[in-house]
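> With the input below, show me the fold.
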Amino acid sequence: MKKSMLGMALVAALGYASPLLAAGAAQSIHVYKSPTCGCCTAWVDHLENNGFDVETTDTQNMNRVKIEAGLTRNLASCHTAFVGDYVIEGHVPADDIHQLLADAPQATGLAVPGMPVGSPGMEMGDRKDHYQVLMFNKKGQTRVYSEHN
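From the prediction side, this is the model:
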């Protein structure tokens, strides 16, 4: 997570859990989303179905959340989540989040920019667009973490 004063205040205020939990315990993740976004709700369901304990906060000011999290415009999607010390932006598959937590790399987080069809929460029939999950750092630098579809 970006170590800015705003980012640190957000971490302190929300009391994020450490990624080091007892074996078998659900990993806590906090998702910020628009109250009317159906794909965000579907992504939350995907996380819950894959072993995450999800807390959601509906907000009309997602831009503030993204700025405080250190996200750049080119990484943006519709929802933003925090798990351990990481930011998760957009429709990142739960398996990639689990892998991130297991590997614990020095990074700010993972992002799936935009809203690719076929990503978790964006299922639309049989259509599955190819998309990349990007790992990013506090400077906004990215590298491909995984590819799907």
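> and the nearest residue to Asn149 once chain neighbours are set aside, what does it touch?
Here the nearest residue to Asn149 in space, its sequence neighbours aside, is Lys128; by CB to CB, 6 or more residues apart in numbering that works out to 4.0 Å. Where you see a C-beta, it was placed from the backbone N, CA and C, and this is true even at glycine. Contact analysis of Lys128 by CB atoms under 8 Å, 6 or more residues apart in numbering lists Val117, Gly118, Asn149.
> at 10 Å what do you get?
By CB atoms under 10 Å, 6 or more residues apart in numbering, the contact set of Lys128 is Pro116, Val117, Gly118, Ser119, Met122, His148, Asn149.
> Repeat that for Met135.
Counting by CB under 10 Å, 6+ apart, Met135 makes contact with 86, 96, 100, 103, 105, 107-111, 141-146.
> does the closest residue to Val44 other than its chain neighbours have beta-bridge partners, and which?
Counting by CB to CB, 6+ apart, Val44 lies nearest to Val54, which is 5.3 Å off, once chain neighbours are set aside. Beta-bridge pairing for Val54 (DSSP bridges): Ile29.
> Please give me every residue in contact with Val54.
Counting by CB under 10 Å, 6+ apart, Val54 makes contact with 26-31, 43-48, 81, 83.
> between those residues, which is closest to Thr59?
Nearest to Thr59 among the contacts of Val54, counting by CB to CB, is Val31 at 10.5 Å.
> Check the closest one and give its pLDDT.
At Val31, the model reports a pLDDT of 98.
> Can you give me the buried ones in stretch 125-132?
Using 16 or more other CB atoms under 10 Å as the test for burial, stretch 125-132 gives Tyr131.
> Residue most distant from the centroid, this structure?
Asp126 (24.2 Å; CA atoms, centre = their mean).
> ok, Pro93 touching Glu123?
No. Using CB atoms under 10 Å, Pro93 makes no contact with Glu123, being 11.9 Å away.
> of the two, who's got more company?
Applying other CB atoms under 10 Å to Pro93 and Glu123 shows that Pro93 carries more neighbours, namely 21 against 15.
> need the contact list for the residue nearest to that one when sequence neighbours are not counted.
Counting by CB to CB, 6+ apart, Pro93 lies nearest to Pro120, which is 5.3 Å off, once chain neighbours are set aside. Pro120 makes contact with 39, 42-47, 49-50, 90-96, 112, 148 under the criterion CB under 10 Å, 6+ apart.
> Alright, I will stop here.
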